[in-house]
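**Student:** Based on what follows, work out the 3D shape:
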Amino acid sequence: MKRAVVLGGSFAGLLAARVLSGFADEVLVVEPDLLGEDGDGTGPGAPHRRQLHALLAMGHTRIEDLFPGITREMVDGGARLGRGDEVRFYVDGALKAPVADVTMLGAGRPFIEAHVRRRVTALGNVRTERATAKGLILKGGRAVGVRLAAAHTPDAEDTEHDVPADLVVDAMGRSSRLTAWLAAEGWGQAPVDRMRVDLGYATARFTRGSELPDTVVAHSTPGPAHDYQPVLCEPGALTATEDGTWSVVLAGYAEHRPGRDPAEFLARMRRCVAPLREVAERCEMTGGVEPFHFRESRRRRFTDLTDFPGGLVVLGDAMATVNPVYGQGLTLAALQASSLHVHLRSGASPHDPAWGYFRRAAVVVDAAWQLSTTADLAQPHVTGPYPRGYRILRWAGDRITTASVRDSRVNQTYLDVVHMRAHPRALTAPRVLARTARVLWRS
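**Tutor:** As a prediction, this is how the structure comes out:
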């Protein structure tokens, strides 16, 4: 390719640019917001940027593959790398069985994104432009370029210009306008699955001292949900971050969403698992509480289309967003970038419809969707749609969750699925179900 254009300069767009740098003479990353060297950024894009984010094990692996040595760079910059007992998972207040094979990075999203951005912009054939995408240029059944306008200028319409491209990547996030652009040109729209979850979550930072010297990440979720079983503790998580603080997130659904009140936030922390309670008692909150409302999970099924322009792919939240409580967003973007790399390495022409990419990306999107929506449907206010076989999946999932608290081998499989190292179907493998039955029988 002579030129590839990536629309969106956040996490997913940066990973796409890194992949494309090996296949194009020039990669142009288009981003309207001023993201800054520190990754915090300004503007409406990624309003949840400063919320606590998780980089799951497979996402960490894929980013290290794309940027060898970046983990060491981040650790040298202050990030914490937690292994084994330093990473703790709880269900309804109970500490899960220990698993040695677990590693998580303690760092904020802006910090991780800033390191990725520095690596990408240091590539000789990647450049960035602060501009707003106004539309696609389509010709002969494929995307041949994009129309851009200078960002945040009064006379933006007068600055519009066309940029030719061999391949265009939509990494514009949930607010992507690609569907409208294609519809205006007569192209069909990918079917959209939606599940309204009405989740609220809020993040606050606390001074960090010696109160939890061996903890990098602690995460708690509600356990198997039965009509007769109340939530035994508040769902939340904390991680040690690069700036010497604790980043704490609390979550709640519907009318139980957390707000901005620091006193309420601390009161809820005191109903969480021990690490969060200890931080609430011993550490000082720095700054305010930042809430965020996530209304619905959404995925676009591009593989259901029979016709799609060549020279165009979709990556990141523009393709799918799932309940952020499970921390899959960054990892899902990394796996989609890997799917793009495998697609291009296979010798596929960038000018043809990217069916090979969409099929590969659908595998990881569908896995994340199955995991998150099956869990979301346990919430009484989530009313569907229910997948085929939901009742048996729910029945087995509740028992596997219970067994994972008591047995390290079941928990290893459970965490492999959560960290996207294994497909959710691994949880219903005969050996896992048999061991689950034995664990529960002994109990």
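
**Student:** Could you list which residues are in contact with the spatially most central residue of the chain?
**Tutor:** The residue at the geometric middle of the chain, judged as the C-alpha nearest the mean C-alpha position with C-alpha atoms, centre = their mean, is Gly329 (0.7 Å). Counting by C-beta atoms under 8 Å, 6 or more residues apart in numbering, Gly329 touches 53, 317, 321-322. Heads up, the C-betas are built off the backbone N, CA and C, glycines and all.

**Student:** Show the backbone phi and psi for it.
**Tutor:** Torsion angles at Gly329 (phi, psi; degrees, to the nearest 10) stand at phi -60, psi -50.

**Student:** how near is it to Gly173?
**Tutor:** When distance is defined by C-beta to C-beta, to the nearest Å, Gly329 is 10 Å away from Gly173.

**Student:** list residues touching both of these two?
**Tutor:** When contacts are counted by C-beta under 8 Å, 6+ apart, the set common to Gly329 and Gly173 consists of Asp317.

**Student:** Where does Thr331 fall, secondary structure wise?
**Tutor:** Under the criterion DSSP states H and E, the helix or strand holding Thr331 is helix 329-345.

**Student:** Quick one: distance of that helix to the chain centre.
**Tutor:** Distance of helix 329-345 from its chain centroid, counting by C-alpha atoms, centre = their mean, to the nearest Å, is 13 Å.

**Student:** Just the helices from this protein, written as ranges.
**Tutor:** In chain order, the chain shows helices spanning 11-20, 57-66, 70-76, 109-121, 178-184, 262-269, 274-282, 329-345, 355-376, 390-406, 408-418, 430-442, with DSSP state H as the criterion.

**Student:** Same list, the ones you listed, but as JSON lines with mean pLDDT and distance to Phe294 please.
**Tutor:** Converted to JSON lines, the helices of the chain look like this (pLDDT from 0 to 100; distance: least, C-beta to C-beta, whole Å):
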{"stretch": "helix 11-20", "mean pLDDT": "97", "distance to Phe294": "17"}
{"stretch": "helix 57-66", "mean pLDDT": "93", "distance to Phe294": "19"}
{"stretch": "helix 70-76", "mean pLDDT": "95", "distance to Phe294": "26"}
{"stretch": "helix 109-121", "mean pLDDT": "93", "distance to Phe294": "15"}
{"stretch": "helix 178-184", "mean pLDDT": "95", "distance to Phe294": "20"}
{"stretch": "helix 262-269", "mean pLDDT": "96", "distance to Phe294": "18"}
{"stretch": "helix 274-282", "mean pLDDT": "95", "distance to Phe294": "21"}
{"stretch": "helix 329-345", "mean pLDDT": "96", "distance to Phe294": "10"}
{"stretch": "helix 355-376", "mean pLDDT": "93", "distance to Phe294": "11"}
{"stretch": "helix 390-406", "mean pLDDT": "88", "distance to Phe294": "22"}
{"stretch": "helix 408-418", "mean pLDDT": "93", "distance to Phe294": "19"}
{"stretch": "helix 430-442", "mean pLDDT": "94", "distance to Phe294": "30"}
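
**Student:** Quick check: which of those is buried the most?
**Tutor:** Of these, the one with the most neighbours on average (mean count of other C-beta atoms under 10 Å) is helix 11-20, at a mean of 28.

**Student:** then it to CSV, C-alphas only?
**Tutor:** What follows is the C-alpha trace of helix 11-20 in CSV, where atoms were taken according to Å, rounded to 0.1, in the frame of the first residue of the first chain:
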residue,chain,number,x,y,z
PHE,A,11,-5.9,3.1,21.8
ALA,A,12,-7.5,1.1,19.0
GLY,A,13,-6.4,3.5,16.3
LEU,A,14,-2.8,3.4,17.5
LEU,A,15,-2.7,-0.3,17.5
ALA,A,16,-4.1,-0.3,13.9
ALA,A,17,-1.4,2.2,12.9
ARG,A,18,1.3,0.0,14.3
VAL,A,19,0.0,-3.0,12.3
LEU,A,20,-0.3,-1.0,9.1
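
**Student:** Against which helices or strands is that helix packed?
**Tutor:** strand 3-7, strand 26-30, helix 57-66, helix 109-121, strand 167-170, helix 329-345 (3 or more C-beta pairs under 8 Å, 6 or more residues apart in numbering; DSSP states H and E).

**Student:** one more time with 10 Å, if that's ok
**Tutor:** Helix 11-20 sits against strand 3-7, strand 26-30, helix 57-66, helix 109-121, strand 126-129, strand 167-170, strand 312-314, helix 329-345, with contacts defined as 3 or more C-beta pairs under 10 Å, 6 or more residues apart in numbering; DSSP states H and E.

**Student:** Pipe these into CSV and attach distance to Arg147 per row.
**Tutor:** Below are the helices and strands packed on helix 11-20 laid out as CSV (distance: least, C-beta to C-beta, whole Å):
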stretch, distance to Arg147
strand 3-7, 11
strand 26-30, 11
helix 57-66, 29
helix 109-121, 24
strand 126-129, 13
strand 167-170, 11
strand 312-314, 14
helix 329-345, 23
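
**Student:** Relative to Arg88, which of these is closest?
**Tutor:** Taking C-beta to C-beta as the measure, these were each checked against Arg88, and helix 57-66 came out nearest at 15.1 Å.

**Student:** what's the span of stretch 203-216, first residue to last?
**Tutor:** Stretch 203-216 has an end-to-end distance of 16 Å (C-alpha to C-alpha, to the nearest Å).

**Student:** buried sites along that stretch?
**Tutor:** Buried residues in stretch 203-216, defined by neighbour count with 16 or more other C-beta atoms under 10 Å: 203-206, 208, 212, 215-216.

**Student:** Arg301 - nearest residue in space that isn't next to it in sequence?
**Tutor:** Excluding the flanking residues, the one nearest Arg301 by C-beta to C-beta, 6 or more residues apart in numbering is Pro191, at 4.8 Å.

**Student:** That should have said Arg360, apologies.
**Tutor:** Ser339 (3.8 Å).

**Student:** That neighbour and Ser21: what is the separation?
**Tutor:** Between Ser339 and Ser21 the computed distance is 17 Å (C-beta to C-beta).

**Student:** pLDDT below threshold where in the stretch 201-350 of the chain?
**Tutor:** 223-232 (pLDDT under 70).

**Student:** now the strands for it?
**Tutor:** With DSSP state E, counting those that start in this stretch as the criterion, the stretch 201-350 of the chain has strands at 217-221, 236-240, 245-253, 285-300, 312-314, 320-321.

**Student:** mind listing what the closest residue to Tyr326 other than its chain neighbours touches?
**Tutor:** Distance criterion C-beta to C-beta, 6+ apart; nearest residue to Tyr326, sequence neighbours excluded, is Ser372 at 5.1 Å. Counting by C-beta atoms under 10 Å, 6 or more residues apart in numbering, Ser372 touches 195, 197, 297, 321-326, 328, 424.
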